[in-house]
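Engineer: Okay, sequence plus prediction incoming.
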Amino acid sequence: MRDQDVTRRILIIVIMVLIVAVIVLIASLITRGTCSSVVNNGITPTNVPEPSSLIIDVNSSELPVPETAHFNTEPPVTEPIVPEPTAFVTQNPLQPMHPSIPQSPYPAIPYCVTEGTFQDVKDRLELLKQLPRSETVILLDVGHGGFDGGTVGIDTNVTEAALNLQIGRMLAEQLAAKGYFVFMTRMGDYAVGSDKNSDMKWRKQVMKLEMFDASISVHQNALATDRSVRGARIYHYKTGTEGENLAKTIIAECLKISEYARPNAYTGNLMVVREPICPSALIECGFLSNHDEELLLQDPNYQMQIAKAVADGIENYLNSK
Ligand SMILES: [Zn+2]
């Protein structure tokens, strides 16, 4: 009996093991089938192309479309804007800060370039040297820059160098709009030499070139001992010179925009009016030591008024010759 019981128990165990094995097998088949279907769903050609094709669609549709759009819109919309500086456009977008500048007859030499490195400045100078002498070329000396900030505003700490550049750029465009080629001694916030001496030496070398029809140096004034003093002043080297005539025609235009401008054309043994071979003047646009004028000189609208006045004065002088 015991042997039969043992055998029966063994058979039961075997049967149960078999049953369990069958169940496990069936379960594994079912599971494998489910897994394979999931895997298939993820791998089958019907599903794979979806994500991959979506990605391709995104790449192939989004990339070309904006590019095409750019190509369609850039030539008419952005090309006229690209060569123009934008530094002061954003300060007052409501004002037409940029005059219409005609196309230069020399494709490589636009009438003005107002932004660039010192190397760009030197390259520009070499290009302008190639112009026939019949063209009118204005030397626009933008005072200070880089380590040499010049005069500093007493109340706002604005640097003369920054204002010289802002007004200088506007002046360059105003002159270019009149059909004059303009050379700026600097087109960014940097000095044109490693120290003050080399900076001045380089400017002097430029001023000695026989390629300019008029020279204008842009600076800001200051008189800390009397903060009530304000107004634009014009300087030239000596009386009885063409520089004096240039200075007088410029200040005449400045008087139209400011009651504080000094009507006199002052003489001064200053490098920027002494050294240029061509008729030359120095415009001190205003006093950074005067509270109101320090603020006014930072107003793009007033800066533009000054630039227009100086450009008109230079034009009047050139037309009078
Ligand atoms: Zn200065």
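Structural biologist: It's in.

Engineer: Disregarding flanking residues, what is the spatial nearest neighbour of the residue in the chain that the ion sits nearest to?
Structural biologist: Relative to the ion, the nearest point of the chain is His219 (3.5 Å; Cβ to the ion). (Glycine included, C-beta is placed from N, CA and C.) The spatial neighbour of His219 that comes closest, neighbours along the chain excluded (Cβ to Cβ, 6 or more residues apart in numbering), is Gly143 at 4.2 Å.

Engineer: was I right about that neighbour contacting Leu165?
Structural biologist: No. Using Cβ atoms under 8 Å, Gly143 is not in contact with Leu165; the gap is 9.0 Å.

Engineer: For the stretch 201-321 of the chain, which segments count as strands?
Structural biologist: Ranges of strands within the stretch 201-321 of the chain are 214-221, 233-236, 265-267, 280-287, based on DSSP state E, counting those that start in this stretch.

Engineer: any chance of those in a markdown table, plus mean pLDDT?
Structural biologist: Shown next, in a markdown table, are the strands of the stretch 201-321 of the chain (pLDDT from 0 to 100):
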| stretch | mean pLDDT |
| --- | --- |
| strand 214-221 | 98 |
| strand 233-236 | 98 |
| strand 265-267 | 97 |
| strand 280-287 | 98 |
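
Engineer: And for Ala309, the neighbour number?
Structural biologist: 25 (other Cβ atoms under 10 Å).

Engineer: And it, how far from Leu295?
Structural biologist: 19 Å (Cβ to Cβ, to the nearest Å).

Engineer: export the strands of the stretch 201-321 of the chain to TSV and tack on distance to Gln103?
Structural biologist: Below are the strands of the stretch 201-321 of the chain laid out as TSV (distance: least, Cβ to Cβ, whole Å):
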stretch	distance to Gln103
strand 214-221	23
strand 233-236	32
strand 265-267	35
strand 280-287	28
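
Engineer: Same list (these) but as a markdown table, adding mean neighbour count and distance to Gln4.
Structural biologist: Output for the strands of the stretch 201-321 of the chain, formatted as a markdown table (neighbours: other Cβ atoms under 10 Å; distance: least, Cβ to Cβ, whole Å):
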| stretch | mean neighbour count | distance to Gln4 |
| --- | --- | --- |
| strand 214-221 | 26 | 121 |
| strand 233-236 | 25 | 131 |
| strand 265-267 | 17 | 136 |
| strand 280-287 | 27 | 123 |
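
Engineer: Identify whichever of these lies nearest to Leu175.
Structural biologist: Comparing these by their distance to Leu175 (Cβ to Cβ), the top pick is strand 214-221, with 8.7 Å.

Engineer: name the helices or strands packed onto the closest one?
Structural biologist: On a contact count with 3 or more Cβ pairs under 8 Å, 6 or more residues apart in numbering; DSSP states H and E, strand 214-221 meets strand 137-142, helix 160-177, helix 271-274, strand 280-287, helix 300-320.
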